[in-house]
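> I need the structure of the sequence given here:
(2 chains)
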There are 2 protein chains.
Amino acid sequence: MFASRKVPILIRGTGLLGASIGLGLSAAGHQVWLSDPSPTAERIAEDIGAGEIWGRQGGQGEEDGLIVVVASPPEVTAHEVAEALLNHQGLVVDIASVKAEIIRQLLRRAEDDADPLTREHLRRYVGTHPMAGREQSGPVAARGELFTSMPWVICPAVDPGTGEQITDEGFVELATWLARTLGASVHRMDAVKHDESVALISHLPQIAASLVASRLQDAPANALVLSGNGLRDVTRIAASDPNLWVQILSANASPVVEILYGLREDVERLIGTLEDPEARGGQADIAQLIAEGNSGVARVPGKHGAPPQSFAPLTVIVDDRPGQIAAVLNDVAEVGVNVEDLRMEHSAGHQVGMVELSVLPGRRDELAEALTDMGWKVVLS
Amino acid sequence: MFASRKVPILIRGTGLLGASIGLGLSAAGHQVWLSDPSPTAERIAEDIGAGEIWGRQGGQGEEDGLIVVVASPPEVTAHEVAEALLNHQGLVVDIASVKAEIIRQLLRRAEDDADPLTREHLRRYVGTHPMAGREQSGPVAARGELFTSMPWVICPAVDPGTGEQITDEGFVELATWLARTLGASVHRMDAVKHDESVALISHLPQIAASLVASRLQDAPANALVLSGNGLRDVTRIAASDPNLWVQILSANASPVVEILYGLREDVERLIGTLEDPEARGGQADIAQLIAEGNSGVARVPGKHGAPPQSFAPLTVIVDDRPGQIAAVLNDVAEVGVNVEDLRMEHSAGHQVGMVELSVLPGRRDELAEALTDMGWKVVLS
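Alright, predicted model coming up:
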C-alpha cells in the first residue's frame, strides 16, 4: 500500500539500530533523515549511507507524511517520543526493548493539563521492538539487513484502565509497513505481555549468561583451558553493553524480578539438596530441575520458527585448512539436500575439525551414504 | 612408545563414552573387549564395531598387559575400579567427570584392613576425565572421533594427607598414551583442582542452562516465538540426561555449592536493586554485574585454544536453498582464506539466511572485497 512511493523518515538516534534502520530504508529507496545528539555518530551514520543529516539541507521541506523513528537510549525514549509527537504531524514509533513503561509515562503526561502533550497526540504513537541486535554497538556495526527474518513486535498504545486502544489503526498499519520494509516478521502484541515475554526469553538469558561469565573473572587459566562448547554457548551474550542493560532491566524491573524470585527459589533448593542429600526431596530435586530444563528447552523454536529438534544431525570430520568446509557443502549441494543448520565443534589442541550439519530427518541417511561414497568421514549422531 | 603393538583393552560400561572409546581404539588396531551389565548395550556396542564381548570367546587369554577402562555411571565408578584392580594386573583408568571423591573412596577401602584392596593396588589406578559428550546418550550415539581435539584430564592418585603421588609414573604414561591414541589433548591436573575447575566451567553452565530452560516450561507460545539466538545458545545444554547429572552434581557437591553461594548472592543483589533502584549501589550494581560478565567471557578460550575474539567476523546474506552456503565457502576457499568459525543466524519467518564467517583479522577486508566482487552481499560486522 505504501511501497510505491518514497516515504520521508526521520531517525532520531543513530546507534546500531537507528543506523541499521536508516541503511535498510535508504536501500529500499526512501528519504531518510538522521539526527543524533552526537555529531560523530550522526556523521558516521551518514557516511555509511544510512541517510542525510536532518536540518542541514532544509530537510523540513519533506515534512509531509514524515515518519519519526525514535531510536534513542531506553531511558530517554518516552521524552523523545513526546517531543516528536509535539513537533511533527505523522506517525511516531520508538524501538526500545521495553514497552509498557513508555506508554505509562506518555499517558501520565497526557493526563497532566499543564503538559502540552494530549491524548490526541498519542493516536499517532506506536511502540515497537525489533528483536535484533549484536554484541557490537554504534553506527559502525550497523547493517541494513539486521532485521531480515527477525521478529519485530508492534504494540499499539492501549489505555491500561479501560483496555481501549488509543493508537489509530491506520498508524499501526504504517508501523507494520515500516517493519516489513526492513524484512522483519511482525508480531502484534499487548505491551504488558511483550514485557513479560522479553523478561523470560531475552532478559533472563542475559542475566544468566552474565552471572555465569562473571564467575570466570578470577578463574585459574588451567581451568579455562578445559572450556567446551557448553560454556561458550552459555556465556556468549555476556559480552553485552552494561549501560544499555542497566536501562533495559530497570525499565522492566517488575517482570524480571518475578522471574528472579523463581530462579532464587530453584538455586536455594539446589543448594539445600547438595548440602544435605538425605533431606526432603534430596537427589530427586536435582533430577527434577534437569528434567524441567529438558521440557523447557524442547519448547524453544528453531530456525524459521520450525519446531525444535525437527532436523536430524550428521557430522563430517574435516581437516582444518581452507576450503574443507566448502568442499563438504559443495558435495552436500550436489546431493541436493538443504543444510538447515551448521555447527563447527571447537576445541583446544588439534587441527581437525568436526562439522555438524542439520538436515530434514527424511534426507539424512541418503546424505550420509552419498557423502561417505564421496570419500568423507561421516558420523551419524 | 606403545603405538607399534596391539594393546588389549577391556571397557567396562558401553554407554556413549565407553562405546566411543572402543570404536576409537578398535579403529587404531587394538584388541578391545566390551562388558556391560546391560546385554543390549553390550550387543549394540559390538555391532557398531566398538570391540568384542568379553568372556564369550575366552578373552581372558589376552590378559597380559590388559588395560581396564571403567566407563560405568559415576555412582558405581569407585566400586568398579576396585573390582578391576583386584581382578586384573594392569592399568585401571576411569573416566568419570568428578575425580576427588573416587580417590577418597578408594583410599578409605585401602586403609580398611578387612578390605582386600590395598594401597599397592592403587599404584595401577589413574583417574581421567575426557571432556567430551553430546546431548544424546547410549552406544547408538557413540563415535570414535568423539575425543578428537578435546581436552582429556589425567589425575594420578595422590594421598590428600601427605600430597605424595600413589600412582606409578609408568601407569600415568600409559593412561596418557590411551588418551592421545583417541586424539585427545592431555592435561595433567590434581584431582581437587580438576573438580573445582569443572564445577566452574561445566557444572555451573549446566545448572544455569537448566534453570533458564525450566522457566520456559509454562511460557506462552507467543512469547517463545520471539526467541532469538541468545536464548537458544544459553539453553542448548539443558537437553542433558537428568540421571547422569544427579550423579555428577552429587559427587561434586562441595565445589558446586561454593559457586552457587556466589550465584545466590548475585541474584539477591540484583533483586534488591531492581526492587529498589534508589537503594545503596542501585543501578551501578546492575552495570557492574554486566561488566563483570564482559570480563569473564573475554577469558573463555576459542577454537583450538586460541585467545577469544582473535578472529574477525563478516556476514554474507544468502538465499535459504541448497548449495548457497557451499557456494559462499567455495568462493572463500578460492580467495584462500581459512574459515575459523561459522554461524548461521536463525530466525522465524523469512527464507533468507545470514552466514557469519570468522577469519583472521588480517585477512578480513581482503576477503570481504573479493566476495563482493564475486557478487555476494557482504556486511562487515
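> rest of the way, CA atoms for contacts and neighbours
Fine.
> what about the helices in chain A?
Applying DSSP state H to chain A gives helices spanning A:16-27, A:39-47, A:74-87, A:100-111, A:169-181, A:191-198, A:204-214, A:221-224, A:229-235, A:242-251, A:253-275, A:283-297, A:324-335, A:361-373.
> now the fourth one and helix A:242-251, what's the angle there?
Using axes from the mean of the first three to the mean of the last three Cα atoms, to 10 degrees, one finds that helix A:100-111 and helix A:242-251 are set 70 degrees apart in direction.
> isn't A:Leu91 right next to A:Arg124, touching?
Yes: A:Leu91 lies in contact with A:Arg124 (Cα atoms under 8 Å); the separation is 4.9 Å.
> the more surrounded of those two?
A side-by-side neighbour count of A:Leu91 and A:Arg124, using other Cα atoms under 10 Å in any protein chain shown, places A:Leu91 first with 26 against 23.
> tell me the contacts of the more buried one?
When the contact criterion is Cα atoms under 8 Å, 6 or more residues apart in numbering or on different chains, the partners of A:Leu91 are A:Gly65, A:Leu66, A:Ile67, A:Val68, A:Arg124, A:Tyr125, A:Val126, A:Phe171, A:Leu174, A:Ala175.
> could the residues you listed be laid out in TSV, adding pLDDT and distance to chain B?
Shown next, in TSV, are those (pLDDT from 0 to 100; distance: Cα to the nearest Cα, whole Å):
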residue	pLDDT	distance to chain B
A:Gly65	86	29
A:Leu66	95	28
A:Ile67	97	25
A:Val68	98	25
A:Arg124	98	25
A:Tyr125	98	22
A:Val126	98	19
A:Phe171	98	23
A:Leu174	97	20
A:Ala175	98	18
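> how many other residues sit next to the nearest residue to A:Gln288 once chain neighbours are set aside?
Nearest non-adjacent residue to A:Gln288, counting by Cα to Cα, 6 or more residues apart in numbering or on different chains: B:Pro242, 7.4 Å away. Look at B:Pro242: counted by other Cα under 10 Å, it has 20 neighbours.
> next: A:Trp177.
17.
> now swap in the one 5 residues further on and tell me
Using other Cα under 10 Å, A:Leu182 has 24 other residues around it.
> quick one: residues contacting it.
The contact partners of A:Leu182, by Cα under 8 Å, 6+ apart, come to A:Ile21, A:Gly24, A:Leu25, A:Gly144, A:Glu145, A:Phe147, A:Thr148.
> farthest pair within those residues?
The span of these, defined through Cα to Cα, is set by A:Leu25 and A:Thr148 at 12.3 Å.
> which neighbours do A:Leu91 and A:Arg124 share?
Residues touching both A:Leu91 and A:Arg124 by Cα under 8 Å, 6+ apart: A:Phe171.
> each with direction, which strands does the helix-or-strand element of chain A with minimal mean pLDDT pair with?
The helix or strand of chain A with the lowest confidence, counting by mean pLDDT, DSSP states H and E, is strand A:341-345 at a mean of 73. According to DSSP bridges, strand A:341-345 forms sheet pairs with strand A:352-359 (antiparallel).
> hmm, A:Asp341 is touching A:Leu357, no?
Yes: A:Asp341 is within contact range of A:Leu357, at 5.9 Å (criterion: Cα under 8 Å).
> please say which of those two ends up with more neighbours.
A:Leu357 (21 against 18).
> could you check how far stretch A:278-292 is from the centre of its chain?
In terms of Cα atoms, centre = their mean, to the nearest Å, the centre of stretch A:278-292 is found 34 Å from the chain centre.
> revised request: answer the last question for stretch A:149-164.
18 Å.
> pLDDT of that stretch, averaged?
Stretch A:149-164 comes out with an average pLDDT of 93.
> with stretch A:41-60 instead?
Throughout stretch A:41-60, pLDDT has a mean value of 82.
> show me the contact partners of it.
In contact with stretch A:41-60 (Cα under 8 Å, 6+ apart) are residues A:10, A:14-15, A:19-26, A:31-36, A:138-140.
> pLDDT weak spots in chain A?
Applying pLDDT under 70 to chain A picks out residues A:1-4, A:57-62, A:134-137, A:279-281, A:303-310, A:345-352, A:381.
> can you list the domains in it?
Domain assignment for chain A by automatic domain parsing gives A:8-189, A:264-300, A:312-380.
> got the contact list for A:Phe147?
By Cα under 8 Å, 6+ apart, the residues touching A:Phe147 are A:Pro130, A:Met131, A:Ala132, A:Leu182, A:Gly183, A:Ala184.
> so of the residues you listed, which ones are in strands?
Among the contacts of A:Phe147, the residues falling in strands (DSSP state E) are A:Pro130.
> B:Asn222: which of the contacts of A:Phe147 is nearest?
A:Met131 (13.8 Å).
> surely the closest one and A:Thr148 touch.
No: using Cα under 8 Å, A:Met131 makes no contact with A:Thr148, being 10.4 Å away.
> so which of those two has more stuff around it?
A:Thr148 (26 against 23).
> report how many residues lie close to the closest residue to the more buried one other than its chain neighbours.
Nearest residue to A:Thr148, sequence neighbours excluded (Cα to Cα, 6+ apart): A:Gly183, at 4.4 Å. When neighbours are defined as other Cα under 10 Å, A:Gly183 has 22 of them.
> check whether stretch A:275-284 contacts chain B.
Yes: using Cα under 8 Å from any Cα of the partner chain, stretch A:275-284 reaches chain B at A:Glu275, A:Pro277, A:Gln283, A:Ala284.
> tell me the buried residues in that stretch?
Across stretch A:275-284, burial judged by 16 or more other Cα atoms under 10 Å in any protein chain shown covers A:Glu275, A:Pro277, A:Gly282, A:Gln283.
> cool, and stretch A:235-250?
A:235-243, A:245-250.
> I am finished for the moment; much appreciated.
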